[in-house]
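Q: Need a 3D model of the sequence below.
(one chain, ligands or ions: 1)
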Amino acid sequence: MQLIYEKSVPARRAVRMPSSDVPAAAMLPRELLRSEPADLPELSELDVVRHFTQLSRRNIGVDTTFYPLGSCTMKYNAKSLEDGARISAPFHPMIALLPGGESCAQGSLAMLHHMGELLAEITGMDEVTCQPLAGAHGEMTGIMLIAAYHRAKGNKKKYVIVPDSSHGTNPASAAMVGYEIVTIPTAPYGDMDLDAFRAALNDEVAAVMMTCPNTLGLFNPHIKEICDLAHSVDAMVYYDGANLNAILGQVRPGDVGFDVVHVNLHKTFGTPHGAGGPGSGPVGVKKALVPFLPMPRVIKRNDASFGVETGNPQSIGRTANFFGNFGVMAKAYAYILMLGREGLIDASEKAVLNANYVMARLKDLYEVPYDQTCMHECVFSAARQMQHDVHAIDIAKFLIDKGYHPPTVYFPLIVKEAIMIEPTETESKETLDEFIAVMREAAETAETDPAALKLAPLTTPVSRLDETKAAREQNVCFT
Ligand SMILES: *Cc1c(COP(=O)(O)O)cnc(C)c1O
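A: Numbering: from 1, shown residues only. Alright, predicted model coming up:
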């Protein structure tokens with residue numbers, strides 16, 4: 001497919017504006033004016049419509065197909081939430097920082113403030129910052145808050161403990177803040193090895209970072225004990241709540257003993273992500289960490305007006321604009337209000353039910369390395385299919401031919417030939433049954449005709465790519 005620039009023909013137009021019949025007014029300072037015309041493609045309206053319609057048909061998304069990408073929570077995002085983002089702010093929230101601008105931004109500030117309150121209630125935390133722009137950004141902010149806490153107390157801390165079943169961003173975020181990572185292996189039941197944890201815990205441990213549920217889709221039954229042990233050496237416990245849809249309304253990280261939590265609005269709270277939109281990773285903290293929260297902060301005054309507070313000497317500073325990814329927040333805010341308490345509880349129950357349903361219907365054909373009741377996702381291994389030289393990647397490619405976005409494969413790293421399926425709560429039983437039938441067909445084909453799986457996908461413009469080369473030499477202009 002050609003780029004839109006390659007389709008350009010000089011002087012071809014979609015819209016012709018009448019020439020101006022009023023004298024030109026000098027609106028902008030001279031130095032800000034363009035010296036050369038902008039390099040825009042020149043096309044007819046039909047060219048433009050066809051170009052973008054064809055492009056959109058090459059896109060794979062939740063709106064076109066079941067997208068069970070584990071750990072990514074590709075749930076359906078209701079279109080009404082987009083309306084929420086569109087009508088939310090007549091003024092850019094930044095206007096609050098201009099002299100006299102605060103009164104124009106009251107609606108935006110009220111929303112940001114209420115969003116923080118709602119997320120604090122959902123997570124059981126005392127305060128929430130809505131600044132971070134993604135999950136990993138939230139993690140880094142959270143670890144910076146923990147570092148500031150220890151610095152203020154004069155604690156000499158060096159290590160952050162991370163189970164090997166955590167999301168890869170956890171150790172990366174802690175390392176970026178300057179900590180050394182201590183990795184704890186997984187016990188046979190799929191939770192963190194408690195003896196190894198006890199052995200690793202000492203006065204120099206700054207924090208323990210837990211992905212909950214972990215990347216095996218399992219909830220850790222010892223979580224309270226882990227929090228208590230960590231607190232006994234004044235280590236903070238971090239809850240990676242990117243996939244909070246597993247526990248919404250069931251358990252609150254703050255009640256179990258966690259000190260910091262980030263949530264991914266773009267997974268749990270119904271806002272699109274990946275190629276579909278930007279992220280937002282608000283961070284909730286307990287009282288001890290509140291003084292260090294990023295500035296500026298949205299506050300509610302005694303007269304019920306809202307403002308932006310800037311000065312706080314202990315703050316870690318600015319991690320993004322005070323209003324974060326405002327549009328994402330508006331959609332997530334609409335999502336929380338639309339579902340309400342009962343709706344959020346219902347969402348997590350269905351997310352967990354759907355994952356367990358898929359697991360139960362496939363476990364006679366695919367190995368389940370940690371065979372427990374799962375939370376929002378289930379993890380299989382293609383170990384049995386390997387006897388026929390069929391790998392997780394071959395099954396993923398077969399699913400593409402059948403019209404599905406493949407599940408996550410080769411992650412988590414602690415499972416050989418992992419296939420990680422997250423159906424989410426928005427899919428119907430009919431959709432799950434069709435997908436299960438195709439997964440069963442893949443397992444049967446692995447036994448009867450393994451060579452056929454190696455040929456897939458046959459329905460895409462290109463079949464198997466050299467994935468390393470594709471990442472290094474990006475060329476999207478194939479014909
Ligand atoms: C997606 C995810 C993250 C990272 O979130 P980003 O917004 O992609 O930075 C962190 N932890 C877990 C468990 C996740 O699933």
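
Q: tell me the mean pLDDT over the helix or strand harbouring Thr53?
A: Take DSSP states H and E as the rule and Thr53 turns out to sit in helix 45-57. In this model, helix 45-57 has an average pLDDT of 93.

Q: Alongside the ligand, which residues does this protein contribute?
A: Residues of the chain found near the ligand (CB under 6 Å from any ligand atom) are 71, 134-136, 167, 169, 211, 240, 242-243, 264, 279, 281. For the C-beta atoms, the positions are set from N, CA and C on the backbone; glycine is no exception.

Q: Pull out the buried positions in the helix holding Thr53.
A: Applying a neighbour-count criterion of 16 or more other CB atoms under 10 Å, one finds 47, 51 buried in helix 45-57.

Q: surely His222 meets Asp193?
A: No: the pair His222 and Asp193 fails to qualify as a contact (CB atoms under 8 Å) at a distance of 10.3 Å.

Q: which of those two has more neighbours?
A: The residue with more neighbours, out of His222 and Asp193, is Asp193; 17 against 14, by other CB atoms under 10 Å.

Q: pretty sure that one contacts Ala200?
A: No: applying CB under 8 Å as the test, Asp193 and Ala200 come out as separate, 9.7 Å apart.

Q: Take the residues of the chain next to the ligand and keep only those in helices.
A: Among the residues of the chain next to the ligand, the ones falling in helices (DSSP state H) are 135-136, 169.

Q: Closest one of those to Leu118?
A: Distances from Leu118 to those, taken as CB to CB, are shortest for Gly135 (18.4 Å).

Q: what's that closest one in contact with, if anything?
A: Going by CB atoms under 8 Å, 6 or more residues apart in numbering, Gly135 touches 169, 240, 242, 262, 264, 267, 279, 281.

Q: Please work out how many residues are found near His167.
A: Other residues close to His167 by other CB under 10 Å number 22.

Q: next one: Leu362
A: 19.

Q: so what's it up against?
A: Contacts of Leu362 (CB under 8 Å, 6+ apart): 380, 436, 439-440, 443.

Q: Filter those residues down to the buried ones.
A: The neighbour count (16+ other CB under 10 Å) marks 380, 436, 439, 443 as buried among those.

Q: Return the subset of those lying in helices.
A: 436, 439, 443.

Q: Out of those, the closest to the ligand would be?
A: Using CB to the nearest ligand atom, Met439 is the member of these that lies nearest the ligand, at 22.1 Å.

Q: I'd say that closest one and Tyr366 touch.
A: Yes: Met439 is within contact range of Tyr366, at 7.5 Å (criterion: CB under 8 Å).

Q: Over in the chain, which residue gets nearest the ligand? Let me know.
A: Gly135 (2.3 Å).

Q: sorry, back to before: overlap of the contact sets of Asp193 and Ala200?
A: Common neighbours of Asp193 and Ala200 (CB under 8 Å, 6+ apart) are Ile184.

Q: circling back to that earlier point, take the buried ones among the contacts of Leu362 and write them to CSV, including pLDDT and distance to Ala235.
A: Below are those laid out as CSV (pLDDT from 0 to 100; distance: CB to CB, whole Å):
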residue, pLDDT, distance to Ala235
Phe380, 98, 34
Ile436, 98, 43
Met439, 98, 42
Ala443, 98, 44
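
Q: and those residues, which two are the farthest apart?
A: Phe380 and Ile436, at 12.0 Å, using CB to CB across these.

Q: Go through stretch 315-331 and flag the buried ones.
A: Here stretch 315-331 shows 315-316, 319-320, 322-331 as buried, counting by 16+ other CB under 10 Å.

Q: Which ones among those residues lie within strands?
A: If you go by DSSP state E, those have nothing in strands.

Q: Where does confidence bottom out across these?
A: Of all the buried residues of stretch 315-331, Gly327 carries the smallest pLDDT score, 89.

Q: which non-adjacent residue is nearest it?
A: In space, and not counting its chain neighbours, Gly327 is closest to Ala85: 4.5 Å by CB to CB, 6 or more residues apart in numbering.
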